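> quick one, what's the 3D model for this:
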Amino acid sequence: MELSHLKKIAWIVNIAIFLMVFGHMIFFWYIDVPFLVAFSIPDACVYIIGFVLIHYDKLNIYVWLVYCWITLYTCVTTICIGIGYGFHLYCFSIVPIIFVTEYIAYKQKRRSMKALPVSLIITAFYIIYTSYGSGHGPVFERSGKQTAFFWSLNALVVFSFLIAFISYLIRLIIHSEDELKRAAQIDQLTKLYNRHYMFDRLTEITNADKQCILAIADIDDFKGVNDVHGHNAGDEVLKCLSERLVRECPNCDISRWGGEEFLIISYAPYNETIAMLEELRKNIEASTVRFAGKEIRVTITVGIVSRNPGQDTNELIEKADNRLYYGKNNGKNCIVCDPEP
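Below you'll find the predicted structure:
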């Protein structure tokens, strides 16, 4: 997760809490508790400091400040006016945030508090002050319809926050899973699928006994490119050819099979696939790759095989591989295939 995204979330949360402070201040004035009205002033100052910390990317300090202050705030308000107003409920909203904060800090490689001990401390603190409030009663005894109303309001705020936060957490987990899956399936240099993904895809095709055409393309004399121009130039060639493969082989699954080899699965009719790959071969032969002021020319050899019903994955790959090496040993810069099956 990007720091800019975290800062945006922190800004939204801090603004929401800052506005709530003034709402609570008005409520404390309404029920005639001057102490809590005055206490709202340092409360507001805490979140003003929070804006400064967010601005200067001090999110770890900001989180500590908010956790400590909300815990103190719920304690003070509960002891002053009792548990009937529901201010102690805000403690419940802190605990899940602590665990997610630790996870986000891990993803960002930043230091963070340990979620388990901090949550246990908050739980213990919550039990102590709510027990004290229940046993001794509130310092400022107030009664009336506003008690039930404000309990409902605070409960609504807390549960709305928890629902929104859990929803965000689930999306975060799904996003992380997608990123991990993508990292496991994508070759980082070429951005094509990798060998692992393509094996899984071929297994799916075999299990469903689907018709497809398999092609293995190899860059001719690629070692010479690396030896003459350097490995960075070789990487540039691989990237340029990968982009061309994606562009000129639509509706195909394409992977970097290994080194300078590419595996292509086509679902088009046999003759169309042959024509497409022959056109690809000609275009690569006629083009150049520019790198460090030099023009590099390469060609490819392609082995092509049509999958027969009942043919397993290893047999299909071996057959395409044999055709590729036949082309390599017989002039290169060609495609090798059977007549239309």
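
> give the contact list for the residue nearest to T77 when sequence neighbours are not counted.
With sequence-adjacent residues excluded and distances taken as CB to CB, 6 or more residues apart in numbering, T77 is closest to F87, at 3.9 Å. In this view, the C-beta of every residue, glycine as well, is placed from N, C-alpha and C. Contact analysis of F87 by CB atoms under 8 Å, 6 or more residues apart in numbering lists 73-74, 77-78, 81, 154.

> for this protein, name the helix or strand with the lowest mean pLDDT.
helix 90-107 (a mean of 78; mean pLDDT, DSSP states H and E).

> residues contacting that one, please?
Taking CB under 8 Å, 6+ apart as the rule, helix 90-107 contacts 1, 6, 60, 63, 67, 70-71, 73-74, 111-115, 118-119, 122-123, 126, 154, 158, 161-162, 165-166, 169, 172, 176.

> can you tell me which of these end up in helices?
6, 60, 63, 67, 70-71, 73-74, 115, 118-119, 122-123, 126, 154, 158, 161-162, 165-166, 169, 172, 176 (DSSP state H).

> quick revisit: quick one, phi/psi of the residue nearest to T77?
phi -70, psi -30 (degrees, to the nearest 10).

> from A164, how far out is it?
20 Å (CB to CB, to the nearest Å).

> what does I205 give?
Applying CB to CB to I205 and A164 gives a distance of 42 Å.

> cool, V21 as well?
19 Å.

> neighbour-wise, which of the two wins?
Relative neighbour count places V21 above the other of V21 and A164, with 17 against 10, counting by other CB atoms under 10 Å.

> OK, contacts around that one?
40, 43-44, 47.

> the helix or strand where it lies vs helix 90-107, what angle?
V21 is located in helix 3-30, with elements delineated by DSSP states H and E. Put simply, helix 3-30 runs at 170 degrees to helix 90-107, going by axes from the mean of the first three to the mean of the last three CA atoms, to 10 degrees.

> outside of whichever helix or strand comes after helix 3-30, which residues touch it?
Remark: after helix 3-30, the chain's next helix or strand is helix 34-55, criterion DSSP H and E. Helix 34-55 is contacted from outside by 7, 10-11, 14, 17-18, 21-22, 24-25, 28-29, 59, 61-62, 65-66, 69, 73, 76-77, 80-81, 140, using CB under 8 Å, 6+ apart.

> just the buried residues of those.
10, 14, 17-18, 21, 24-25, 28, 59, 62, 65-66, 69, 73, 76-77, 80-81 (16 or more other CB atoms under 10 Å).

> burial count for the nearest residue to F125 once chain neighbours are set aside?
Spatial nearest neighbour of F125, excluding adjacent residues (CB to CB, 6+ apart): T71 at 5.9 Å. Neighbour count for T71, taken as other CB under 10 Å: 19.

> where does the stretch 201-341 of the chain have low pLDDT?
Under the criterion pLDDT under 70, the flagged ranges of the stretch 201-341 of the chain are 339-341.

> if we use 90, what do you get?
Within the stretch 201-341 of the chain, the stretches with pLDDT under 90 are 206-211, 292-294, 307-312, 338-341.

> the helices in it, which residues?
Ranges of helices within the stretch 201-341 of the chain are 222-229, 231-248, 270-286, 313-328, based on DSSP state H, counting those that start in this stretch.

> turn these into TSV, columns for mean neighbour count.
As requested, the helices of the stretch 201-341 of the chain are exported to TSV (neighbours: other CB atoms under 10 Å):
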stretch	mean neighbour count
helix 222-229	15
helix 231-248	17
helix 270-286	16
helix 313-328	18
